[in-house]
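1. sequence and predicted structure are below.
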Amino acid sequence: MNLWERLRARIPRVRANMGRNQERHRSPKGRIATVLVCVLAGLMITVSAIAARGTDLRSDRSANLRDVIVTQGERNAELRSQAQELGEEVASLTTAQPGGEDLTDAVNSAEFDAGLVAVTGPGLRVTLTDAPPDFRPAGVDDDALVVHQQDIQAVANALWAGGAEAMTIQGQRVISTTGIKCVGNSVVLHGIPYAPPYVIEAIGDVDELQRGLDESPAIEIYRQYVEAYGLGYTVETSDTLDLAAFGGAVGLRYATKG
């Protein structure tokens, strides 16, 4: 038998094998398994869509720090209001107790020194603002065009050095435990974020307060940025400033003199 005849003799066996393979691929069990997989995948996609209801199931990754700060700030404001109401109730109950007048006078004096009493008097109002949005000089970093926490602290320190008797920043009373923090492009004070302009008010001798500002090296540096980059710095005199009392919880409970 020559080569051609041997090749022709093998063709029926190859075809028979192909037929058996096709029969195996088309078996009922295989088709059923394929249908079940497709149905299960479709069911999972449908359940996920219903649960999402058009929202991102992983939306927590899109939350940014500023949103968290704003939410917490609102909560802090609510708690501060509740604390103020409770403080007023405690003061009323204390006065009603026998011998409460002497105790009330001592408490009032301590509260005044701690900034827990609203005050009124003459003083200065200092306002700090960022550079105009359309002012972007070449080669200047954006950080040089905004007010930072150290700028606000410089004004507060200068006013204290000038004999300030009481002070507020953005309407919040400044006390011994007050801290100023920068978070992004906002400043956080007592847990509440603020955007510019930043307003600092201080009650005291107007001339002495102004002298404190004029003699501050940190304020002098800030005023150079005002001239170079357009930051805002205004000082106003007022015969009557109304400074609210600090309404939050006082974190410092005990102190000793060393």
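-> Yep, that arrived.
2. may I see the buried residues of the helix or strand that contains Ser238?
-> Taking DSSP states H and E as the definition, Ser238 sits inside strand 232-243. Buried residues in strand 232-243, counted by 16 or more other CB atoms under 10 Å: Tyr233, Leu241, Leu243. Yep, even glycine has a C-beta here, placed from its N, CA and C like the rest.
3. ok, now stretch 146-166?
-> For stretch 146-166, by 16+ other CB under 10 Å, it's 146-147, 149, 151-152, 154-160, 162, 164, 166.
4. for the lengthiest helix in the chain, which positions count as buried?
-> When the chain is parsed with DSSP state H, its longest helix is helix 65-96. Within helix 65-96, the residues scored as buried using 16+ other CB under 10 Å are Ile69, Gly73, Arg80, Gln84.
5. same question for stretch 122-138.
-> Gly123, Leu124, Val126, Thr127, Leu128, Thr129, Asp130, Ala131.
6. could I get the CA-only coordinates of the strand holding Ser238 as PDB?
-> What follows is strand 232-243, C-alpha atoms only, in PDB (Å, rounded to 0.1, in the frame of the first residue of the first chain):
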ATOM      1  CA  GLY A 232      -5.300  92.200  52.700                       C
ATOM      2  CA  TYR A 233      -4.500  93.900  56.000                       C
ATOM      3  CA  THR A 234      -6.800  96.500  57.500                       C
ATOM      4  CA  VAL A 235      -7.000  98.000  61.000                       C
ATOM      5  CA  GLU A 236     -10.100  99.700  62.200                       C
ATOM      6  CA  THR A 237     -10.800 101.600  65.400                       C
ATOM      7  CA  SER A 238     -14.100 101.100  67.200                       C
ATOM      8  CA  ASP A 239     -15.500 102.800  70.300                       C
ATOM      9  CA  THR A 240     -17.700  99.800  71.000                       C
ATOM     10  CA  LEU A 241     -16.900  96.200  70.400                       C
ATOM     11  CA  ASP A 242     -19.200  93.400  71.600                       C
ATOM     12  CA  LEU A 243     -17.200  90.300  72.200                       C
END
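7. can you list the strands that it pairs with?
-> strand 119-129 (antiparallel) (DSSP bridges).
8. tell me the mean pLDDT for the strand it pairs with?
-> Averaging pLDDT along strand 119-129 yields 97.
9. which outside residues touch it?
-> 112, 147, 151-152, 155, 159, 164-166, 196-204, 206, 209-210, 213, 222, 231-243 (CB atoms under 8 Å, 6 or more residues apart in numbering).
10. what's the angle from the helix or strand following that strand to strand 119-129?
-> Downstream of strand 119-129, the first helix or strand assigned by DSSP H and E is helix 149-161. With axes from the mean of the first three to the mean of the last three CA atoms, to 10 degrees defining the directions, helix 149-161 sits at 150 degrees from strand 119-129.
11. in TSV: the buried residues of strand 232-243, plus pLDDT and distance to Asn185.
-> Compiled in TSV, the buried residues of strand 232-243 are given as follows (pLDDT from 0 to 100; distance: CB to CB, whole Å):
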residue	pLDDT	distance to Asn185
Tyr233	97	19
Leu241	96	28
Leu243	95	27
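12. what's the closest of these to Gly179?
-> Minimum distance to Gly179 across the buried residues of strand 232-243 is 18.7 Å, recorded for Leu243 (CB to CB).
13. surely the closest one is in contact with Ile175?
-> No. In this structure, Leu243 is not within contact of Ile175 by CB atoms under 8 Å, at 11.6 Å.
14. excluding chain neighbours, give the residue nearest to Gln84 in space.
-> Counting by CB to CB, 6 or more residues apart in numbering, Gln84 lies nearest to Gly247, which is 4.2 Å off, once chain neighbours are set aside.
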